[in-house]
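Chemist: here's my sequence, what's the structure:
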Amino acid sequence: MPSQPRTSEHEIKIAAAAEDIYRLLARAENWPQLFPPNIHVDQVERGEREERIRIWATAGDTVKNWTSHRTLDPERRRIEFRQEVSSPPVAAMGGTWQIEDLPSGEALVRLGHDFRAVDDSGLTWLEEVVDRNSRAELDSLKALAESKAATDELTCSFEDTVRIRGRAQDVYDFVYQADLWTERLPHVVTVRLDQPAPGLQTLEMDTLSKDGTTHTTKSYRVGLAPDRIVYKQITLPALITLHTGRWTFTPTDDGVAASSQHTFTVNTATISEVLGERATVQDAIEYVRIALSTNSVATLTIAKAYAEGLAGEGPVGEGRT
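Modeler: Residues are numbered from 1 along each chain as shown. Below is the predicted model:
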């Protein structure tokens, strides 16, 4: 039997214009870069004032996904949300974002929730997750809104594409089957892969850099077959504070265009330690971009040989797995 309804409200003052903060919240597709718990947001439907989105986010030490309906009111700077399909132990969840300008020049952001658990045994857990995630979201929103110009200068997005004469499904499978990467990719030393639910992976791996050192990374990945795999890295190297990405597989007239997209933010506090006293922000951005691009292109190049081998367009492949 569902628990009794509960409500919560959290608020924070932010030294930024209410209109700017509203825009950050309205663009749900950017939430993985804005909120630490968010892994991926998929736009299901979008209208002028209403939208449906599917969200993957951490909840405690697990990952949940749900579909929400949002009503956007830019004049009142208010966003209402309601989960349409919840993930247990959540029975129902909704709430509002409200942003107001203050006489001090700051903005007051209120985040309210109303929710029920599937049963009383899950209520305490749910209350703790709502409280923890609400505080984390507001703190992250404040940090980004107050330093957006500086953060934009530290953030880089780029994409590499390899054209493959093969099936999109074969390329998708190659990238999704990360448990085989130690056999297939020379820069991957070890892999620890967990798949708690269909389409969801926790991927931890040790990779080899050009200088011979190894780095451990951990990411949450969402497989959206047959055309996308999206991820958020949660264990980061010292030089960055954010890394999200996606693999896309787009059929073409003669095969598939396979792309790897990255977005990352440089950590200014570690630039001199990692790259030397004279290194600049641009040096750091270029260093990270080259490192990420090198591994992505290497992966896509080997995926190309694999898929083209299966399609009879290149060397004999490894066979379907």
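
Chemist: and the strands in this protein?
Modeler: In the chain, strands defined by DSSP state E lie at 6-14, 38-46, 50-59, 62-73, 78-85, 90-101, 107-117, 155-164, 188-197, 200-208, 214-224, 228-235, 240-252, 255-266, listed in chain order.

Chemist: report the rounded mean pLDDT for the longest one.
Modeler: For strand 240-252, the per-residue pLDDT values average out at 96.

Chemist: list the buried ones in it?
Modeler: I240, T241, L242, H243, T244, G245, R246, W247, T248, F249 (16 or more other C-beta atoms under 10 Å). Where C-beta positions appear, they are placed from N, C-alpha and C, glycine not excepted.

Chemist: is T214 in a bridge, and if so with what?
Modeler: The residues listed as beta-bridge partners of T214 by DSSP bridges are L208.

Chemist: I figured it hits D206, correct?
Modeler: Yes: here T214 lies in contact with D206, judged by C-beta atoms under 8 Å, at a distance of 4.9 Å.

Chemist: anything in contact with each of these two?
Modeler: V189 (C-beta atoms under 8 Å, 6 or more residues apart in numbering).

Chemist: which residues of the stretch 1-150 of the chain score low on pLDDT?
Modeler: Low-confidence segments of the stretch 1-150 of the chain, defined by pLDDT under 70, are located at 1.

Chemist: the same query, at a cut-off of 90, please.
Modeler: Using pLDDT under 90 as the threshold, the predicted model of the stretch 1-150 of the chain has low-confidence ranges 1-5, 33-37, 47-48, 58-66, 85-89, 119-122, 148-150.

Chemist: quick one: which of T214 and D206 has more around it?
Modeler: Set T214 next to D206 and count neighbours by other C-beta atoms under 10 Å: D206 wins out with 15 against 12.

Chemist: look up how far A150 lies from the more buried one.
Modeler: Spatial separation of D206 from A150 under the definition C-beta to C-beta, to the nearest Å is 32 Å.

Chemist: just R77 next, same as before
Modeler: With C-beta to C-beta as the criterion, R77 and A150 are 24 Å apart.

Chemist: again, but for W181
Modeler: From W181 across to A150, the span is 36 Å (C-beta to C-beta).

Chemist: more neighbours: which of those two?
Modeler: W181 (22 against 11).

Chemist: which residues touch the more buried one?
Modeler: V188, V191, M205.

Chemist: hang on, the second one packs against T207?
Modeler: No: V191 lies out of contact with T207 (C-beta under 8 Å); the separation is 9.6 Å.
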